[in-house]
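Engineer: Next input, structure requested:
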Amino acid sequence: MKHRFIFAVLMSFVLTFFMSAWVTYINVGLIKNFGEYWMSAWFLAWPAAGVISFISGPGIHKLSQKLSEKF
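Structural biologist: Predicted coordinates:
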């Protein structure tokens, strides 16, 4: 359980950090306040992604195991 929590926190951190930068860039471009918009988006996305990762992680892990056995 501890490993699952740490994994969800770290994975959601990395994914939301870079994805929020990408989506912010697509939406507003490289403007003067880009960093502020990016950090605002990331701050909102990280907690949601952490909870989603923690809850859906075991099911996705099982699904990926089944798919890898088939292919």
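Engineer: Please report the distance of residue 63 from residue 50.
Structural biologist: 20 Å (C-beta to C-beta, to the nearest Å). Where C-beta positions appear, they are placed from N, C-alpha and C, glycine not excepted.
Engineer: okay, the two: which has more neighbours?
Structural biologist: residue 50 (19 against 11; other C-beta atoms under 10 Å).
Engineer: Could you find the closest non-adjacent residue to the more buried one?
Structural biologist: residue 12 (4.1 Å; C-beta to C-beta, 6 or more residues apart in numbering).
Engineer: for that neighbour, what are its contacts?
Structural biologist: 46, 49-50, 52-53 (C-beta atoms under 8 Å, 6 or more residues apart in numbering).
Engineer: Whichever of those residues end up buried, select them in PyMOL.
Structural biologist: Of those, the buried ones go into a single PyMOL selection, burial set by 16 or more other C-beta atoms under 10 Å:
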select buried, resi 46+49+50+53
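Engineer: tally of neighbours for residue 21?
Structural biologist: 17.
Engineer: Find the helix or strand that it is a member of.
Structural biologist: Residue 21 is part of helix 2-28 when elements are defined by DSSP states H and E.
Engineer: Which positions in that helix come out as buried?
Structural biologist: 8, 12, 16, 20-21, 24.
Engineer: try stretch 30-46
Structural biologist: Of the residues in stretch 30-46, 37-38, 41-42, 45-46 count as buried by neighbour count, 16+ other C-beta under 10 Å.
Engineer: Quick check: of those, which lies closest to residue 3?
Structural biologist: If you rank these by distance to residue 3 using C-beta to C-beta, residue 46 comes first, at 19.4 Å.
Engineer: so what's the closest one closest to, chain neighbours aside?
Structural biologist: residue 16 (4.7 Å).
Engineer: same thing with residue 21?
Structural biologist: Nearest one to residue 21, counting by C-beta to C-beta, 6+ apart, is residue 38 at 5.2 Å.
Engineer: mean confidence score for the strand or helix carrying the one you found?
Structural biologist: According to DSSP H and E, residue 38 maps onto helix 34-70. Regarding helix 34-70, the rounded mean pLDDT is 94.
Engineer: All set now, cheers.
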